[in-house]
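Engineer: Quick one: sequence plus predicted model below, questions after.
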Amino acid sequence: MKHIGTIASRELKSLFVSPVAYVVLTLWSVIAGTFFLASLLGFNERLLRAQQLQAYQAMSEMNLNDHLIEPFIGSMWVILLFLLPAITMGLVASEKANGTDELLLTSPLSIWDIVFGKFLAGTGFVTLMTVIVAFFPAILFYYGDPELGKTLAGLLALLLVSISYVAIGIFASSVTRNQLIAFVLTLVMLLVIGMMLPFIVDISLSGSAPSSDAGFAEAVRWLSTGNHIDRMLQGLIDTSDLAYYAITSAGFLLLAKTVIESSRWR
Amino acid sequence: MTGESSTPQAIEVEGLEKRYGDFLAVRELSFSISAGEVVGLLGPNGAGKTTTMRILTGFISATNGVARIAGHDIFTDALNAKRCVGYLPETPPLYPEMTPKSYVDFVAKLKDVPRTKRKDAVEHALSRCGLIEVRNREIRQLSKGFRQRVGLAQAIVHEPAVLILDEPTVGLDPIQIREIRALIEELAETGRQTVILSTHILAEVEAICQRVILIDRGRKVLDQPLSELIGGGQSLEEVFTQVMTRDEIHEDTEDAA
């Protein structure tokens, strides 16, 4: 396991000399700025309208956390689904395309070194993305007084969900040598796991008796990211949600390791 | 039988077999190479040369058989075996965005070169391969000959006991071929390294190898010292043509030549 750092630092350096990293970071920052501004203006307008209507009840319920920061981070999560695959697509696929997998697999290191090294590099990158997002709520602390704990919980949710998506991306990248295929595969997997699972369950169970598959439906819903991120965005840090991110990451890293290992036997 | 000697052979292969589906890429391959030998692995395209080398380096597994590098089994004692091997695949495994220096340094870390010796090892490998003047340029900007040298530098940076080179001169121009060849010769002489290299070029074998292993359709058909082979006044080409014809594989002889 001592080569994780070697693999990770090389990966990060390569990522930051490639245009992809800068394109993603630029888009991410611009979109974050736009969404934040839009949320801010929307918040302001609702506040003004409530004032005009003298809806004091509504006004007292409005706060920066629930009506600005939470939806802002929530929308950045949706953007993440589309941008993250660009970062993870090359993590393993490019090694195969370059032939450098032959170097890694004939060097005295374990496949876990490779997988964790890639994972660490990806985690470093999404941490930077989260820091960029964190910059915007930080502005609010200068002018207003949002709750710190709730804000941090939201950012942590974004970070954890990003990290588990990195694991998914590494898996998708390990099954092909073509980065475009890895990108599309990751995107599809993220859309299904992130957003579509609950709908798929609802549609497929709509005709059957409610009791028979309730457990199954519940399990599939648990697999979807949506519920977990929502609760954490509201400031609730639940062990079940933390376990979800840990299980997703570990599961897909294990799959990636198995896929890489199996190439030796083909 | 070969495993009983007190000092392990540099490379020992016993009954190696590799199957891809129905296709037997390597069958019942056995040979052993002692330390310091320079051996040419020859054969027509698709004979199993690359497959054999990939098994020896641990890149792929064998279906059957044993392979040992400096006494370490490549399947059960993989990490120790891999530490003893320097490997240049057919296409050098390069990261185009890195510089030769940072790349060779990265490989030195992967190969467990101790931190204190790493800087010297990298410098040494770069200078031996004639890469000093281009060490800080991006690999993607380098010519094919230089890339091949970077690949070679990567293979020797940890001063491995065994050097495995898969067609090290393929696709190079005559001058580059001569340079790479001279480099391999020098490595074999001064580095006391065991070298096993695959090639199509018989002149290359005559120039640098002491021994020849000829494989065809996954089987070993010849294993002899070079001096014996060309001792009878025949050229290497004639010898090979005879062996391959004797092996009743007429269609592949042109490739071998």
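Structural biologist: Structure's in. What do you need?
Engineer: how many other residues sit next to residue B:77?
Structural biologist: Residue neighbour count, defined by other CB atoms under 10 Å in any protein chain shown, stands at 13 for residue B:77. The way it works is simple: take the backbone N, C-alpha and C, and place the C-beta from them, glycine included.
Engineer: Report the separation between the closest residue to residue B:33 other than its chain neighbours and chain A.
Structural biologist: The shortest distance from residue B:33 to any non-neighbouring residue, by CB to CB, 6 or more residues apart in numbering or on different chains, is to residue B:11 (4.3 Å). The gap separating residue B:11 from chain A is 14 Å, by CB to the nearest CB, to the nearest Å.
Engineer: and the residue in the stretch 1-150 of chain A positioned nearest to chain B, how many neighbours does it have?
Structural biologist: Closest to chain B within the stretch 1-150 of chain A is residue A:103: 3.7 Å, counting by CB to the nearest CB. The local packing of residue A:103 (other CB under 10 Å) involves 27 other residues.
Engineer: And residue A:221, by the same measure?
Structural biologist: There are 14 residues near residue A:221, going by other CB under 10 Å.
Engineer: residues in contact with it?
Structural biologist: By CB atoms under 8 Å, 6 or more residues apart in numbering or on different chains, the residues touching residue A:221 are A:197, A:198, A:201, A:227.
Engineer: now the helix or strand encompassing it: how far from the chain's centre is it?
Structural biologist: When elements are assigned from DSSP states H and E, residue A:221 belongs to helix A:214-223. Relative to the chain's own centre, helix A:214-223 is displaced by 21 Å; criterion: CA atoms, centre = their mean, to the nearest Å.
Engineer: Which SSE is immediately downstream of that helix?
Structural biologist: Assigned by DSSP H and E, the successor of helix A:214-223 is helix A:225-233.
Engineer: buried residues in that next one?
Structural biologist: Buried residues in helix A:225-233, defined by neighbour count with 16 or more other CB atoms under 10 Å in any protein chain shown: A:225, A:226, A:227, A:228, A:229, A:231, A:232, A:233.
Engineer: Phi, psi for the residue nearest to residue B:33 please.
Structural biologist: Dihedral pair for residue B:11: phi -130, psi 130, per degrees, to the nearest 10.
Engineer: My guess is it contacts residue B:72. True?
Structural biologist: No - between residue B:11 and residue B:72 there is no contact under CB atoms under 8 Å: 10.8 Å.
Engineer: re the thing from before, shouldn't the residue of the stretch 1-150 of chain A closest to chain B be in contact with residue B:106?
Structural biologist: No - here residue A:103 does not reach residue B:106: they are 9.3 Å apart, not a contact under CB under 8 Å.
Engineer: what about residue B:11 and residue B:72, which has more around it?
Structural biologist: Taking neighbours as other CB under 10 Å, residue B:11 and residue B:72 compare with residue B:11 leading, 25 against 19.
Engineer: ok, that one - contacts?
Structural biologist: Going by CB under 8 Å, 6+ apart, residue B:11 touches B:31, B:32, B:33, B:56, B:67, B:68, B:69, B:162, B:194, B:196.
Engineer: State the distance from the residue nearest in space to the middle of chain A to residue A:201.
Structural biologist: For chain A, residue A:162 is the residue whose C-alpha lies nearest the centre (CA atoms, centre = their mean; 2.4 Å). Relative to residue A:201, residue A:162 is positioned 25 Å away (CB to CB, to the nearest Å).
Engineer: in a strand, that's where residue B:39 is, yeah?
Structural biologist: Yes - counting by DSSP: H, G, I helix; E, B strand; the rest coil, residue B:39 falls inside a strand.
Engineer: Helix or strand for residue 16, just tell me which one.
Structural biologist: In the absence of a named chain, chain A is used. Going by DSSP H and E, residue A:16 is in helix A:4-17.
Engineer: actually chain B
Structural biologist: Following DSSP H and E, the helix or strand that holds residue B:16 is strand B:11-20.
Engineer: quick one: strands adjacent to that strand?
Structural biologist: Looking at strand B:11-20 with DSSP bridges, its partner strands are strand B:23-33 (antiparallel), strand B:64-69 (antiparallel).
Engineer: residues in contact with residue A:15?
Structural biologist: For residue A:15, counting by CB under 8 Å, 6+ apart, the contacting residues are A:21, A:87, A:121, A:125.
Engineer: now do residue B:62
Structural biologist: By CB under 8 Å, 6+ apart, the contact set of residue B:62 is B:16, B:17, B:18, B:26, B:55, B:75.
Engineer: Just give the nearest non-adjacent residue to the fifth one, would you?
Structural biologist: So the one you mean is residue B:55. Spatially, and ignoring its direct neighbours in sequence, residue B:55 is nearest to residue B:62 (4.9 Å; CB to CB, 6+ apart).
Engineer: Over to residue B:194?
Structural biologist: residue B:10 (3.8 Å).
Engineer: For that neighbour, give me its contacts.
Structural biologist: B:33, B:34, B:35, B:36, B:37, B:69, B:70, B:161, B:162, B:194.
Engineer: Out of those, the closest to residue B:124 would be?
Structural biologist: Of all the contacts of residue B:10, residue B:124 sits closest to residue B:161, with 16.6 Å by CB to CB.
Engineer: tell me, how many neighbours does the residue nearest to that closest one when sequence neighbours are not counted end up with?
Structural biologist: Nearest residue to residue B:161, sequence neighbours excluded (CB to CB, 6+ apart): residue B:84, at 4.6 Å. By the criterion of other CB under 10 Å, residue B:84 has 19 neighbours.
Engineer: what's the pLDDT at the single nearest residue of chain B relative to chain A?
Structural biologist: Nearest residue of chain B to chain A, counting by CB to the nearest CB: residue B:93, 3.7 Å away. We have a pLDDT of 96 for residue B:93.
Engineer: go on, residue B:248?
Structural biologist: Reported pLDDT at residue B:248 in the predicted model: 56.
Engineer: so who does the residue lying closest to the residue of chain B closest to chain A once chain neighbours are set aside touch?
Structural biologist: Nearest residue to residue B:93 in three dimensions, chain neighbours excluded: residue A:103, at 3.7 Å (CB to CB, 6+ apart). Residues near residue A:103 by CB under 8 Å, 6+ apart: B:87, B:89, B:93, B:107, B:110, B:154.
Engineer: Which helix or strand contains residue A:103?
Structural biologist: Applying DSSP H and E, one finds residue A:103 within helix A:101-105.
Engineer: Which parts of chain B are strands?
Structural biologist: With DSSP state E as the criterion, chain B has strands at B:11-20, B:23-33, B:38-42, B:64-69, B:72-73, B:85-88, B:162-166, B:194-199, B:211-216, B:219-225.
Engineer: what's near enough to touch residue B:24?
Structural biologist: B:17, B:18, B:218.
Engineer: Spit out the contact partners of the second one.
Structural biologist: Applying CB under 8 Å, 6+ apart to residue B:18 gives the contacts B:24, B:25, B:26, B:48, B:51, B:55, B:60, B:62, B:63, B:218.
Engineer: Quick one: residues contacting the last one.
Structural biologist: Residue B:218 makes contact with B:18, B:24, B:25, B:26, B:27, B:29, B:47, B:48, B:51, according to CB under 8 Å, 6+ apart.
Engineer: State the pLDDT value of residue A:221.
Structural biologist: pLDDT, residue A:221: 78.
Engineer: Next, find the distance separating it from chain B.
Structural biologist: Separation of residue A:221 from chain B (CB to the nearest CB): 41 Å.
Engineer: Okay, that residue and residue A:228: tell me how far apart.
Structural biologist: The gap separating residue A:221 from residue A:228 is 10 Å, by CB to CB.
Engineer: what residue ranges in the chain score low on pLDDT?
Structural biologist: All of this refers to chain A. Scanning chain A for pLDDT under 70 picks out the ranges A:205-213.
Engineer: Not quite, go with chain B.
Structural biologist: In chain B (pLDDT under 70), the answer is B:1-7, B:191, B:232, B:247-257.
Engineer: Cool, thanks, talk later.
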